[in-house]
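[1] requesting a structural model of the entry that follows:
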Amino acid sequence: MQRLGRVDTVGEHRAGCAVQLVGEFVGRPDHQTARGVGAGHRRQLIERDAEDLDVYADLSIYGPDVEGVTEFKPGRKPAVKIASVLTEDERRENRLRTTLTHEWGHVHFHAYLWEVDPPPADLLRQQPNRDKVICKRDSMLDAAQTDWMEWQAG
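    This next block holds a predicted model:
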């Protein structure tokens, strides 16, 4: 077990950091208090840092079970799409909050990569989803450490 400050596991440390950043955004630096931050504040955080947020997106074109997509654009802020089923079903509030936080993690931690080393235009023509991180529930919750962008986004 790796000890990172007061946190005993890498997974708890990663989740703690995301929750702490969200908590600090709303003026609640205590990570236990920040866990109660609702979807509205998480939306505001994405709206602050992203070019666009669509919480009523039809993501079926990316395949089954896709709950979030972050699209990176060199020279611009990322665009975030959240599956409409999460927004429209109040029973999925926890899942919505998790997905909003996860996609914000991509915005916060990964947008600079598209500035430092953007994919060439011919690659994007051949692989049009190369500039997107397409997130399914399973990849968000159980991301392998080898899929570092999913793992880091939480």
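[2] return the helix or strand in the protein with minimum mean pLDDT.
    Counting by mean pLDDT, DSSP states H and E, the chain has its least confident helix or strand at helix 31-34, which shows a mean of 50.
[3] C-terminal to that helix, what's the next element?
    The first helix or strand that comes after helix 31-34 along the chain, using DSSP states H and E, is helix 39-49.
[4] the protein: strands as residue ranges?
    52-57, 66-71, 79-83, 132-136 (DSSP state E).
[5] right, and T99 touches T70 too?
    No: contact criterion CB atoms under 8 Å: T99 and T70 do not qualify, at 10.7 Å. Glycine gets a C-beta too; all of them are placed from N, C-alpha and C.
[6] identify the contacts common to these two.
    Listed as contacting both T99 and T70 by CB atoms under 8 Å, 6 or more residues apart in numbering are C135.
[7] quick check: pLDDT value at the residue lying closest to K81 once chain neighbours are set aside.
    Spatially, and ignoring its direct neighbours in sequence, K81 is nearest to A57 (3.7 Å; CB to CB, 6 or more residues apart in numbering). Looking at A57, its pLDDT reads 97.
[8] same deal with R14?
    As predicted, R14 sits at a pLDDT of 39.
[9] okay, and the beta partners of the residue nearest to K81?
    Under DSSP bridges, the beta-bridge partners of A57 are A83.
[10] quick one: it from W114, how far?
    Look at A57 and W114: by CB to CB, to the nearest Å, they are 20 Å apart.
[11] please say which of the two ends up with more neighbours.
    In terms of neighbours (other CB atoms under 10 Å), A57 is the more surrounded of A57 and W114; the figures are 21 against 17.
[12] list the contacts of the more buried one.
    Contacts of A57 were listed using CB under 8 Å, 6+ apart, and they are 69, 81-84.
[13] nearest to E90 among those residues?
    S84 (13.2 Å; CB to CB).
[14] can you count the residues close to G75?
    Look at G75: counted by other CB under 10 Å, it has 7 neighbours.
[15] same question, D117
    9.
[16] begin at 831, not 1, for the rest of this chat.
    Right, with 831 as the first residue, what we last looked at is D947.
[17] how about the backbone phi and psi for it?
    phi -140, psi 70 (degrees, to the nearest 10).
[18] and it, what pLDDT?
    We have a pLDDT of 75 for D947.
[19] ok, R921 next?
    Note for R921: predicted pLDDT of 92.
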